[in-house]
Structure formats: C-alpha cells, structure tokens
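> sequence and predicted structure, then a few things I'm wondering about:
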Amino acid sequence: MKLYPIEFIPIFKERIWGGTKLHDLLNKEVNKEGIGESWELSNVLNDVSIVKNGFLKGKDLNEIIHLYPEAILGEKVIAKYGKNFPLLFKFIDAKEDLSIQVHPNDLLAKERHNSFGKTEMWYVMQADPESRLVVGFKEDSSKETYVSCLKNKTLLSILEEYPVEKGDVFFLETGIVHAIGAGVLIAEIQQTSDITYRLYDWDRVDVNGNGRELHTELALDAINFKKTSSKVAYSSELNESSALVSCPYFTTRVLELEGAYHWEKNKEAFTVFMCVEGQIQLIHEEIEYVYNKGQTVFIPAEIERLQLKGTGTLLEISI
C-alpha cells in the first residue's frame, strides 16, 4: 500500500491559563473553555497520536512506524533516533500568562527523567494588543541574583520581555527561562518531551486555593544565566520556502503561498506541514487534500513530491 499525507486526531489539553482561541480562531472541535493546547502530533507516553484518515485510520503513531519504519520516518531519522518519533507539534492558546519556566537539556532530562530535553521554537499566529513573551535574561545574571529575585518575587525585573505580533519567531534552546504571555496564540515545534521546570506561577491558585507545584531546586542546574538572543530575524517571499530555524533537532522553513508551488524532498526524512494562515490544497497521486489555518499534516519520508496551491502560510518542519 502506498503511503499518503497523514492527518492525526488532535489531543486537547486543559490548562489553568487556556482560553477559547483554539475553537474560535482555529476551528478546533473543543466543547469547553480552558483548553490551552492542541497536541497535533505526539509520541509522548500516554499521549500518542491516532491517525485520522486513509487506510491507516485508527492506528497510533507507534504502530504505523513499526509497520513501515523507513517509509514513515526515513533512513536519516532512524539512524539518529531508531523508531522513536523525535518531535512534538502543538498549537497553544494563552488566555493568561503561562508560568515562568525552563526546560532541561538532553543530559539532565535523560539522567533525571529518561527523556529527551526540550529545545523548542514558537511561531506567533495571533497576538492581542500589548501582549508579550518573556524570554531570557536582560543581562548576564547569576544563580545568586536569580535566587534572590525569586525569593523577593521580582524575577520579572531581570527577564527580557518582547512585545509580539503575528509572524514573530522565537527559538528557545534548553536552559532559557521563558513564559508565553496572555493573549498570544502560537504554533510550537519541540523535541518529544513533556519535562518542564516551573519557576514562578504568578501566585495563582486553583478552586481549592492550592498553587501549582514549583521546581525550584531542579531548575537551578538547568538554567542558562547568560543573556541570549532568541528572537529570529528572517525574510520571506511569496512562493519561496524560506529558512526560519535550523538546529540539531529540527529545521523549520516558512512557505507563503499564493497560487501554485511544486514541492520536492528526498526520502531521507519525513516532513510536517503546519498551516498557520489561510487555506492550502495539497495534491498527491491526483488526490487533493485541503488544509485550513490550524491544521497539521504529516508527509511520510517516502513521498518525494507534491503540488501545493492556494493562499496561505505553511510551516515546513523536517529533521
């Protein structure tokens, strides 16, 4: 059986800071408020994505990888990760500020949690007026300064805040302290990991008056106290695939489409498209697939060429 563009059923995550944009702006089939994340493609333990379309419908991501490892993942990916799917794709709606947090690197994550680290990137799909992201330190800091500010609840005073708008891109290596601010809708690409160290949660409490767990001690060895530059400067042109982020874990490009585009790749690795604006038609083996803003599609490694048409913006992610 020939493989085809594969869609997966989103996995919705209720969050204390979640809103309604996944439904209102991305047309997700969410039936209640407070859904903060849509996991579009996941191999996280107990949250493995299920195929939505085609002859593989109903099988999970691990099952289809084991059925067709090279055709799904590609030789390059298997050589590096075996049959483990290495990335996690999300849409995130922050009605309120997320906690100030940090993610461990591969070494710490493996040692403490038997997990990958969590290098990630953000593409801002929509931002309310005056919304912002918190990313990194304003100046080189130290463990002592950080601990003092944390105790005094002045941590934000030493962190960099970026006003954001649609199309902004940030690349966050492990160790960078960060928080997604209220009013921001983003597409996130990251390593397969759900390891987060929460540093400060704005003194929020749940309906029972309990605050969420903080990871003060665990975070100390994970934080990069140097000033970093995380906002990505890039340029893009219509009907050209333009570079956004390239790192050892993933490469992301942006394609602003107006009309038709002939897309090609080799069979070494899979590709994932996230539609972040408009509507795109994808033609493979004379079958047309339609994707709207907020939809994600997996292109197996064995597929080498596609025809794309429409008016919209795609993030193109590969290994």
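Cool, the structure landed.
> mind listing what P5 touches?
Contacts for P5 (Cβ atoms under 8 Å, 6 or more residues apart in numbering) come out as L282, H284, Y289, V297, F298, I299, I303, L306. For the C-beta atoms, the positions are set from N, CA and C on the backbone; glycine is no exception.
> and S318, how close does it get to A301?
10 Å (Cβ to Cβ, to the nearest Å).
> which of the two has more neighbours?
Using other Cβ atoms under 10 Å as the criterion, S318 and A301 rank with A301 on top: 26 against 20.
> quick check: closest non-adjacent residue to L108.
A222 (5.8 Å; Cβ to Cβ, 6 or more residues apart in numbering).
> the one you found looks like it's in a helix, true?
No. Under DSSP: H, G, I helix; E, B strand; the rest coil, A222 sits outside any helix and is assigned coil.
> so it makes contact with H103?
Yes. Under the criterion of Cβ atoms under 8 Å, A222 makes contact with H103 at 7.2 Å.
> of those two, which one has the most company?
H103 (27 against 22).
> nearest residue to that one in space, please, no chain neighbours.
K118 (3.5 Å).
> need the strands for the stretch 1-150 of the chain, in chain order.
Secondary structure of the stretch 1-150 of the chain (DSSP state E, counting those that start in this stretch): strands at 11-19, 35-41, 43-44, 47-48, 87-94, 100-102, 120-127, 132-137.
> need those strands in a markdown table (columns: mean pLDDT).
Below are the strands of the stretch 1-150 of the chain laid out as a markdown table (pLDDT from 0 to 100):
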| stretch | mean pLDDT |
| --- | --- |
| strand 11-19 | 96 |
| strand 35-41 | 98 |
| strand 43-44 | 96 |
| strand 47-48 | 98 |
| strand 87-94 | 98 |
| strand 100-102 | 98 |
| strand 120-127 | 98 |
| strand 132-137 | 98 |
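> how about the ones you listed, which one is nearest K76?
Of all the strands of the stretch 1-150 of the chain, strand 87-94 sits nearest to K76, with 13.5 Å by Cβ to Cβ.
> and the closest one, what does it pack onto?
strand 11-19, helix 21-24, strand 35-41, strand 184-191, strand 271-284 (3 or more Cβ pairs under 8 Å, 6 or more residues apart in numbering; DSSP states H and E).
> so which of these is nearest T252?
Nearest of those (Cβ to Cβ): strand 184-191, 6.0 Å.
> for I176, which non-adjacent residue is spatially closest?
The nearest residue in space to I176 (Cβ to Cβ, 6+ apart) is G136, at 5.2 Å.
> what about that neighbour, how many residues nearby?
That count, for G136 with other Cβ under 10 Å as the rule, works out to 25.
> do I have it right that it meets H178?
Yes. Taking contacts as Cβ under 8 Å, G136 lies within contact range of H178: 7.1 Å.
> can you list residues touching both of those two?
S230.
> who touches both of S318 and A301?
Going by Cβ under 8 Å, 6+ apart, residues that sit against S318 and also against A301 are A269, F270.
> contact partners for the spatially closest residue to V177 that is not a sequence neighbour?
Leaving out its chain neighbours, the residue that sits closest to V177 by Cβ to Cβ, 6+ apart is V102, at 5.0 Å. When contacts are counted by Cβ under 8 Å, 6+ apart, V102 touches T174, G175, I176, V177, H178, T196, Y197, L199, A219, A222, I223.
> show me the beta-bridge partners of V102.
According to DSSP bridges, the partner residues bridging V102 are Y197.
> separation between it and Q279?
37 Å.
> next: Q126.
From Q126 over to Q279 (counting by Cβ to Cβ), the distance is 17 Å.
> then E160?
Counting by Cβ to Cβ - E160 and Q279 are separated by 36 Å.
> who's more crowded, those two?
Taking neighbours as other Cβ under 10 Å, E160 and Q279 compare with E160 leading, 21 against 15.
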